[in-house]
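A.B. asks: here is a sequence together with a model predicted from it:
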Amino acid sequence: MRRILLVFGIGFIVLSAMAANGGLAFANGAPIRVVLSYLDGVSNTGPKSASGIAEVVMAEGQVNLNVAGLPRLNGESYTVW
């Protein structure tokens, strides 16, 4: 009997917390800007002068990337993951 009351009590607390939020969404369409640069001891290849900005739009699952200082590739392409 105590377990049943405990489960109902926890369920009531969780439902109360969800109702208190009033259905708020915690995501928005604003991009998150990430400054990219070479980090000694972390970066393992490429020129130290390379830099860039990544804009991550979580709501759309999109990443926009602008970089500078990377060497030009012949018949190859850079990949972001």
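C.D. replies: Received the coordinates, thanks.
A.B. asks: what about the helices in the chain?
C.D. replies: 2-20 (DSSP state H).
A.B. asks: show me where it has its strands.
C.D. replies: Applying DSSP state E to the chain gives strands spanning 32-37, 51-57, 62-68.
A.B. asks: what angle sits between the second one and strand 62-68?
C.D. replies: Using axes from the mean of the first three to the mean of the last three C-alpha atoms, to 10 degrees, the inter-axis angle of strand 51-57 relative to strand 62-68 is 170 degrees.
A.B. asks: what's strand 51-57 packed up against?
C.D. replies: Judged by 3 or more C-beta pairs under 8 Å, 6 or more residues apart in numbering; DSSP states H and E, the packing partners of strand 51-57 are strand 32-37, strand 62-68. No exception for glycine: its C-beta is placed from N, CA and C like everyone else's.
A.B. asks: helices and strands around the shortest one, which ones?
C.D. replies: With contacts defined as 3+ C-beta pairs under 8 Å, 6+ apart, the packing partners of strand 32-37 are strand 51-57.
A.B. asks: and the strand it packs on, what's buried?
C.D. replies: Neighbour-count burial for strand 51-57 flags residue 54 (criterion: 16 or more other C-beta atoms under 10 Å).
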